[in-house]
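Engineer: Fold the following, please.
(one chain, ligands or ions: 2)
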Amino acid sequence: MAGICAAGALLYYVKETQKDDAEHLSRVLAYSLSEYMVVDEVTKRNLELFQTIRDGSKQGSLFGIMDRTVTAMGGRLLRRWLQYPLVDKKRTDQRLDAVEEAREDLTLRRSLREVLDGIYDLERLNSSIVLAHSNARDLVALKLSLKRIPEIKRLLGSLTPELFVRIHDGLDDLTDIADLIERAIRDDPPITIRERGIIRPGYSHELDQIAEISKNGKEWISRLEKREREATGINSLKVGFNKVFGYYIEVSKTHLKSVPDHYIRKQTLVGEERYITQDLKTYETKVLEAEERRSFLEYELFQDIRKRVAQQNLRIQNAANLLAKLDTLLSLAELADENDYVKPEVHCDGRIFLEEARHPVIEKLMVGERFIPNTIEMDDTSRQVLIITGPNMAGKSTLLRQVALLVLMAQMGSFVPARSASITLVVRIFTRVGALDNLSQGQSTFMVEMQETANILNTATERSLAY
Ligand SMILES: Nc1ncnc2c1ncn2[C@@H]1O[C@H](COP(=O)(O)OP(=O)(O)OP(=O)(O)O)[C@@H](O)[C@H]1O
Ligand SMILES: [Mg+2]
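Structural biologist: Numbering: from 1, shown residues only. Ligands and ions are numbered 1, 2, ... in the order given. As a prediction, the model looks like this:
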């Protein structure tokens with residue numbers, strides 16, 4: 001109930017600030033604490049999931065190492081998966097199974113990723129079309145993206161894991177939308193939608209007729225110069241155009257005697273006289289009217305096409321979601337393949353066994369030296385608490401974070417850097433930051449550490465991982 005109220009208030013706010021109904025916001029998803037692992041802000045920062053503590057950059061963060069997505073949508077989804085790891089064995093296994101098969105079939109994975117690579121940000125395109133912010137180039141980008149879907153479906157057809165089957169079956173190839181845009185919009189339309197040259201010939205009979213009139217009229221006028229030169233014998237006679245008088249015939253003063261009677265004088269300049277003729281004016285009116293009507297009609301047609309595409313926004317959104325999922329799964333497979341990760345076994349046995357595990361980020365950033373793998377075993381009975389000692393720079397902090405990172409990676413459906421991994425699904429990871437003093441808030445190092453520890457002891461359950 002509170003959720004519905006909050007969602008309503010948010011929508012109202014969007015409507016007020018955007019002056020729009022935001023039709024493309026199709027549904028609100030409830031986020032249930034019990035569905036995902038809790039990764040609080042402190043843990044997120046301390047594990048450097050999205051940015052490094054030192055300079056806040058993506059490079060050097062876990063996300064920076066993991067992201068092999070090729071589409072904007074996939075990148076956003078991977079981010080979401082990392083932020084909301086699963087706690088349910090069935091769903092985690094589904095992702096892991098999909099990643100496993102995609103990792104094994106290198107050729108297929110390459111082909112799929114190549115096709116995905118040319119797909120624009122469908123979510124952004126979709127909302128800009130619905131909000132009528134998009135121009136003709138956006139529609140062309142949408143078309144080029146949608147045209148890749150049938151190939152993706154074809155390639156996906158041979159994959160058996162459930163998640164891939166669901167993507168395959170749910171993916172609408174949207175050929176009707178691609179065809180409409182193909183028929184209606186030129187391949188290289190102008191940026192502004194008030195310009196001419198958006199609509200492809202053959203799409204609108206009326207537009208084609210108008211274009212024909214305008215073209216014929218212009219041709220007639222351009223031939224006029226030659227005709228009049230021959231008729232009058234004035235070789236320097238010219239046809240020109242300006243905004244005030246429209247088309248005119250220009251004759252220099254030295255030839256005034258040869259000017260025929262039916263020329264109507266319009267303007268006198270220093271060296272020339274400018275004339276019009278009845279015929280010229282008739283064609284000019286035709287051309288100008290046609291041009292005006294043409295701009296207007298193209299604009300109208302474009303708006304109509306955009307509206308028709310906008311009406312299909314739920315279908316486009318759905319395809320965007322499925323392609324994002326595909327891209328994300330393939331990204332995890334690519335990562336696993338490149339770095340020699342292993343498929344973790346996930347369960348609810350209360351045991352974590354990481355054999356020859358590595359820190360996913362540090363092993364990549366180290367130059368010259370090799371990362372020394374280490375094995376960790378914990379359970380919820382006899383090995384509940386581990387104490388790690390060693391000199392400074394021995395690698396204690398690294399090991400602690402490494403365990404947390406691997407658990408988190410496994411629960412988002414990713415393979416992990418280890419020789420083998422067996423991981424119990426945890427619902428929360430606790431971090432004790434300690435050393436980052438809070439002196440400015442009147443708390444000493446010791447006090448902060450005690451408070452953090454107390455907080456962990458008070459909130460941790462048997463399915464928590466704390467360090
Ligand atoms: N297994 C490993 N193999 C290779 N290098 C490692 C390994 N673990 C950590 N390192 C590197 O060793 C350095 C020290 O690591 P870390 O900060 O974890 O040490 P520490 O024991 O926590 O030190 P301190 O007591 O000062 O907190 C880091 O530069 C890290 O990259
Ligand atoms: Mg340390």
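Engineer: mind giving me the domain ranges of the protein?
Structural biologist: 1-30, 205-289, 340-466 (automatic domain parsing).
Engineer: ok, how many other residues are close to the closest residue to Phe50 other than its chain neighbours?
Structural biologist: Nearest residue to Phe50, sequence neighbours excluded (Cβ to Cβ, 6 or more residues apart in numbering): Phe63, at 4.9 Å. Where you see a C-beta, it was placed from the backbone N, CA and C, and this is true even at glycine. By other Cβ atoms under 10 Å, the residues close to Phe63 number 19.
Engineer: Helix or strand: which one has Phe63?
Structural biologist: helix 62-66 (DSSP states H and E).
Engineer: before we move on, what about Ile249?
Structural biologist: Using DSSP H and E, Ile249 falls in strand 246-252.
Engineer: can you check Leu116 too?
Structural biologist: Here Leu116, judged by DSSP H and E, is contained in helix 106-117.
Engineer: Now the element after that helix, going C-ward?
Structural biologist: Toward the C-terminal end, the helix or strand that comes next after helix 106-117 (DSSP H and E) is helix 122-130.
Engineer: Flag every residue of this protein that's near ligand 1.
Structural biologist: Contacts of the chain with ligand 1, taken as Cβ under 6 Å from any ligand atom, map to Ile362, Phe371, Ile372, Asn374, Gly390, Asn392, Met393, Ala394, Gly395, Lys396, Ser397, Thr398.
Engineer: Take these and keep only those in strands.
Structural biologist: Asn374 (DSSP state E).
Engineer: Please, a PyMOL command that selects the buried ones among the residues of the chain next to ligand 1?
Structural biologist: Buried residues within the residues of the chain next to ligand 1, by 16 or more other Cβ atoms under 10 Å, are selected in PyMOL with:
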select buried, resi 362+371+374+395+398
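Engineer: can you give me the strands for the stretch 151-300 of the chain?
Structural biologist: Remark: strands assigned in the stretch 151-300 of the chain by DSSP state E, counting those that start in this stretch are 238-242, 246-252, 264-268, 272-276.
Engineer: rewinding a little: mind listing residues that contact the helix holding Phe63?
Structural biologist: Residues from elsewhere that reach helix 62-66 (Cβ atoms under 8 Å, 6 or more residues apart in numbering): 47-50, 57-58, 78-79, 82, 331-332, 335, 360-361, 364, 405, 409, 414.
Engineer: One more pass at 7 Å, please.
Structural biologist: 47-50, 58, 78-79, 82, 335, 360-361, 364, 405 (Cβ atoms under 7 Å, 6 or more residues apart in numbering).
Engineer: residue contacts, the residue lying farthest from the centre of the chain?
Structural biologist: For the chain, the residue at maximal distance from the C-alpha centroid (Cα atoms, centre = their mean) is Lys257, at 69.8 Å. Lys257 makes no contacts at all, as judged by Cβ under 7 Å, 6+ apart.
Engineer: Distance check, it against ligand 1.
Structural biologist: 96 Å (Cβ to the nearest ligand atom, to the nearest Å).
Engineer: Show the pLDDT at that residue.
Structural biologist: Note for Lys257: predicted pLDDT of 85.
Engineer: Scan this protein for its longest helix.
Structural biologist: helix 278-310 (DSSP state H).
Engineer: tilt between that one and helix 122-130?
Structural biologist: 130 degrees (axes from the mean of the first three to the mean of the last three Cα atoms, to 10 degrees).
Engineer: Check which helices and strands helix 278-310 sits against.
Structural biologist: Packing contacts for helix 278-310, counted by 3 or more Cβ pairs under 7 Å, 6 or more residues apart in numbering; DSSP states H and E, involve helix 122-130, helix 136-146, helix 175-184, helix 205-232, strand 246-252.
Engineer: Would you format the ones you listed as JSON lines with mean pLDDT and mean neighbour count included?
Structural biologist: What follows is the helices and strands packed on helix 278-310, written out as JSON lines (pLDDT from 0 to 100; neighbours: other Cβ atoms under 10 Å):
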{"stretch": "helix 122-130", "mean pLDDT": "93", "mean neighbour count": "21"}
{"stretch": "helix 136-146", "mean pLDDT": "95", "mean neighbour count": "21"}
{"stretch": "helix 175-184", "mean pLDDT": "95", "mean neighbour count": "17"}
{"stretch": "helix 205-232", "mean pLDDT": "88", "mean neighbour count": "15"}
{"stretch": "strand 246-252", "mean pLDDT": "89", "mean neighbour count": "20"}
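Engineer: how many neighbours does the closest residue to ligand 1 within the stretch 51-200 of the chain have?
Structural biologist: When scored by Cβ to the nearest ligand atom, the stretch 51-200 of the chain has Gly60 as its residue closest to ligand 1, at 11.5 Å. Gly60 is flanked by 18 other residues according to other Cβ under 10 Å.
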